[in-house]
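Chemist: Prediction below, plus the sequence it came from.
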Amino acid sequence: MARRKQRREQQAERNTRRNHLLFLAGILLLAGFLRFWQLDSFPPGLYHDEAYNGLDALSLIQGQTFPQFYEGWELYAADAHADRPAQDTRFPIFFEGNYGREPLHIYLMALSVRLLGATPLAIRAVPAAAGVLAVFTTYLAALAFFRAASRPDQDPAPAGWPLSPPTLALIAALFVALFFPAIHFSRFGLRVMLFLPLETLTIYCFWQAIDRFRKQISMAANEPQRQSTLHPGRVWLWFALAGFCLGLGIYTYAAARLLPVLFILFIPLWLWREPAARRQWPGVALMAGTALITALPLLIFFARYPYFFIFRTTFVANKGLGTFPDRPWLTWLNNIGRVFRGFFWQGETHLRHNLPGRAYLDPIQAFFFLFGFIGAVQSRLRLRTLFLILWLGVMLLPTLLSGDAPHFGRMSGAVPPVALLVALGAGWLWQRLAQREWRRNLDGPRTATLIIGFGFLLSGGLTLVDYFGRYAQHPDLPAAFYQDDWLLGQAAAAEPAGTILYLSPSQEEMATIYFALDGDTRRMADYFGPGGVVPAGQPGLPSLYFLRPDDAATLQRLREFFPDGMAEPEAHNAIPFRVPANAPRLPGVNPTDAGFRNPTGESIALVDWVPFLQDDQLFITLYWQAVSALETDYTAFVHLVDAAGNLATQLDRPPAGYPTSDWRPGEIVADQFLLLLPADLPAGDYTIRTGFYHNLTQEPLGEATILGRVEIR
């Protein structure tokens with residue numbers, strides 16, 4: 001009988017373990033489905049920051065040296081490197097463009113792009129996979145946290161939890177799988193989600209170390225004869241792994257720099273509350289040392305270039321409607337209320353981060369969370385519940401200290417502690433419902449399970465409707481994720497390799513288009529057409545201009561310049577204007593062979609020019625051709641000089657809307673200069689001369705050349 005009973009108990013335990021694993025597998029499958037379903041097309045398009053990460057990934061794949069900059073970010077880098085020049089490297093420890101970004105996400109993205117190609121799916125597969133992994137690691141962290149053995153007089157024993165630790169861990173994992181912000185930022189090609197697996201693995205290893213240590217203490221107290229067989233090295237191994245994950249976390253996202261604060265606050269409390277734990281100071285020191293060694297390469301970079309450590313932090317802390325200039329403490333106090341409201345009823349309004357106004361927690365989640373938080377406080381802030389509240393507070397600091405709180409992306413680190421509090425709330429609510437006497441002989445535990453399960457089912461339904469319904473159908477979502485730029489870039493990439501591509505007017509953010517062009521930033525040039533310049537492509541090659549619909553002046557100028565050109569129907573917020581290869585690029589009025597060259601080899605030729613005098617205005621159209629690649633933005637000048645060599649009038653300016661550093665070798669650029677003639681200008685013959693110089697250094701690009709003469713009457 002005893003053996004039969006033992007076998008039944010063992011079989012029941014195996015069934016429980018099997019069901020537990022099946023539930024966990026189902027939660028992970030659900031998380032994977034919610035994060036990967038239609039990931040290639042939703043969110044639509046490819047937002048600028050996602051594409052910028054992708055450009056760095058492509059540069060890694062293509063073997064380029066870093067730092068690499070796009071869209072003028074080298075101007076910011078010039079400040080960072082004012083005292084210490086940048087060191088070229090193939091494998092950077094920090095990516096300096098776009099406010100600076102930690103490296104781990106981009107290295108993983110490079111692997112994804114190599115496997116899947118330069119597509120939105122490749123960009124978003126990394127955070128999506130990290131999002132699924134975060135569900136599993138949250139389960140591990142919750143399991144270790146809830147089952148950590150403890151002394152009853154110091155901390156609640158595992159049996160004191162409302163449900164078994166595995167059940168609470170499953171609820172926490174289910175919450176992360178169904179949580180609206182966790183789903184969205186897993187489908188958004190930013191680096192925030194990569195922090196969550198390392199954050200929760202740090203917590204898991206830390207509480208595993210405490211669990212192992214407490215078990216050894218208990219074993220030594222109950223069986224003194226076995227004290228010599230204890231293995232402190234196993235405890236130290238878990239502390240070392242916690243330190244490794246803690247140090248590795250700073251390679252993912254800036255918010256990870258705050259996670260050490262949690263342990264700086266908690267470990268002294270732990271050592272004070274549990275005197276026996278003080279013998280574990282070598283393990284704690286090992287954790288700190290391992291974290292420091294792991295993070296050392298990035299810390300050395302920040303020590304060499306402190307600009308990049310504070311630049312992004314300073315920017316986000318002083319940007320937004322919630323800031324009080326020169327009074328940061330008032331901003332932070334104001335943010336407490338804003339974050340609290342964001343949790344429960346007035347969420348972030350930024351469309352790229354949230355369904356505008358949707359609270360961080362839906363009503364069901366908010367109820368469970370409050371139940372869990374109040375229960376944690378009522379536990380008299382015992383050691384583990386104190387850890388949980390500290391964890392939540394530290395991970396809310398990134399949004400509390402920013403100027404645009406509540407910012408759900410910067411709150412991503414708070415997802416795991418919120419999940420554990422939701423699990424506790426659901427557990428304590430289940431406990432109360434299970435102990436209640438129900439009418440009609442209803443089974444209390446089963447009824448409680450049905451009610452709690454229905455709550456999570458309803459919460460999941462709200463998430464699905466809000467994210468894949470209301471959010472997906474928001475009319476402004478395509479614009480928020482730069483869908484037109486992505487489609488335009490794809491259309492441009494489909495053009496034959498010899499087609500010269502242009503976009504007007506110039507725009508500040510080109511990363512989405514560049515990524516669609518497989519990272520070839522020279523394939524398409526953007527210029528400010530309303531400024532009057534006409535980049536005319538190369539003789540013998542077709543050109544295609546993409547013009548924004550509101551840039552009517554540029555379209556008219558191109559029609560006048562290229563009578564053989566043809567405008568095509570508008571698509572992707574652009575009007576294509578196609579110029580055939582045999583279309584003339586030069587008027588042939590005053591062909592010249594003048595050239596401008598500096599000792600470094602940069603060279604521009606003047607191939608034609610056309611003067612036109614009207615009343616007191618002298619129009620001179622100059623036709624330049626880039627002979628070589630140009631790294632410098634030169635200023636062009638046109639001077640009108642009298643017979644005695646005196647300057648009568650002049651105009652010095654960079655080519656209107658198309659800097660010389662954007663010119664491509666062989667390209668023709670037509671630029672019109674308007675010289676206003678003084679009212680008292682004497683009649684006579686005047687000489688026109690032109691050339692280039694660097695405005696910052698005043699160094700000329702070769703010698704000025706005389707175009708010819710013009711008679712002023």
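Modeler: Thanks, I have it.

Chemist: Enumerate the strands of the stretch 551-700 of the chain by residue range, in sequence order.
Modeler: In the stretch 551-700 of the chain, the strands defined using DSSP state E, counting those that start in this stretch lie at 566-567, 575-579, 594-597, 603-614, 617-626, 635-641, 647-653, 668-676, 684-693.

Chemist: These: which one's closest to Leu39?
Modeler: Minimum separation from Leu39 across the strands of the stretch 551-700 of the chain (C-beta to C-beta) falls at strand 575-579, 29.6 Å. All C-beta spots, glycine's among them, are computed from the backbone N, C-alpha and C.

Chemist: Name the nearest residue to Tyr253, sequence neighbours excluded.
Modeler: Sequence neighbours aside, Phe195 is the residue nearest to Tyr253 in space, at 4.2 Å (criterion: C-beta to C-beta, 6 or more residues apart in numbering).

Chemist: gap between that neighbour and Ala419?
Modeler: 15 Å (C-beta to C-beta, to the nearest Å).

Chemist: ok, the two, which is more surrounded?
Modeler: Comparing Phe195 with Ala419 by neighbour count (other C-beta atoms under 10 Å), the higher total belongs to Ala419, at 30 against 27.

Chemist: pretty sure the more buried one is touching Thr138, no?
Modeler: Yes: counting by C-beta atoms under 8 Å, Ala419 does reach Thr138; the two are 5.6 Å apart.

Chemist: Common neighbours of these two, please.
Modeler: The overlap between the contact sets of Ala419 and Thr138 (C-beta atoms under 8 Å, 6 or more residues apart in numbering) consists of Ala172, Ala173, Val176.

Chemist: Do I have it right that the first one meets Thr138?
Modeler: Think Ala172. Yes: under the criterion of C-beta under 8 Å, Ala172 makes contact with Thr138 at 5.6 Å.

Chemist: Common neighbours of those two, please.
Modeler: Contacts common to Ala172 and Thr138, judged by C-beta under 8 Å, 6+ apart, are Pro416, Ala419.

Chemist: so how far is the first residue of stretch 97-108 from its last?
Modeler: End-to-end distance for stretch 97-108: 18 Å, by C-alpha to C-alpha, to the nearest Å.

Chemist: what's in contact with it?
Modeler: With C-beta under 8 Å, 6+ apart as the test, stretch 97-108 has contacts from 49, 52-53, 56-57, 60, 67-71, 73, 77, 92-95, 126-127, 190-191, 194, 248, 250-254, 256, 298, 308, 311-312, 315, 511.

Chemist: ditto for stretch 481-488
Modeler: Stretch 481-488 is contacted by residues 43-48, 51, 120, 352, 478, 503, 509, 512-513, 516, 546, 571-574 when judged by C-beta under 8 Å, 6+ apart.

Chemist: Could you list which of the residues you listed belong to strands?
Modeler: Using DSSP state E, the subset of the contacts of stretch 481-488 located in strands is Leu503, Phe546.

Chemist: The contacts of stretch 481-488, buried ones only, as a PyMOL selection?
Modeler: Filtering the contacts of stretch 481-488 down to the buried ones (16 or more other C-beta atoms under 10 Å) takes a single PyMOL command:
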select buried, resi 43+44+45+46+47+48+51+120+352+478+503+509+512+513+516+546+572+573+574
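
Chemist: Which members of the contacts of stretch 481-488 are positioned in helices?
Modeler: Under the assignment DSSP state H, the contacts of stretch 481-488 contribute His48, Ala51, Pro120, Pro478, Thr512, Ile513, Ala516 to helices.

Chemist: which one of these sits closest to Arg327?
Modeler: Of the ones in helices among the contacts of stretch 481-488, the one sitting nearest to Arg327 (C-beta to C-beta) turns out to be His48, at 31.4 Å.

Chemist: so what's the closest one up against?
Modeler: With C-beta under 8 Å, 6+ apart, His48 has these contacts: Tyr482, Glu509, Ala511, Thr512.

Chemist: ditto for Thr592
Modeler: Going by C-beta under 8 Å, 6+ apart, the list of residues near Thr592 reads Leu606, Val607, Asp608, Trp609, Thr705, Leu707.

Chemist: Could you do Leu55 as well?
Modeler: Leu55 sits in contact with Gln68, Tyr70, Ala511, Tyr514, Phe515, Gly519, Thr521, where contact means C-beta under 8 Å, 6+ apart.

Chemist: May I have the secondary structure class of the last one?
Modeler: What that stands for is Thr521. Classification of Thr521 using DSSP: H, G, I helix; E, B strand; the rest coil returns coil.

Chemist: If we ignore the residues flanking it in sequence, what's nearest it?
Modeler: Counting by C-beta to C-beta, 6+ apart, the residue nearest Thr521 is Tyr514, at 5.1 Å.
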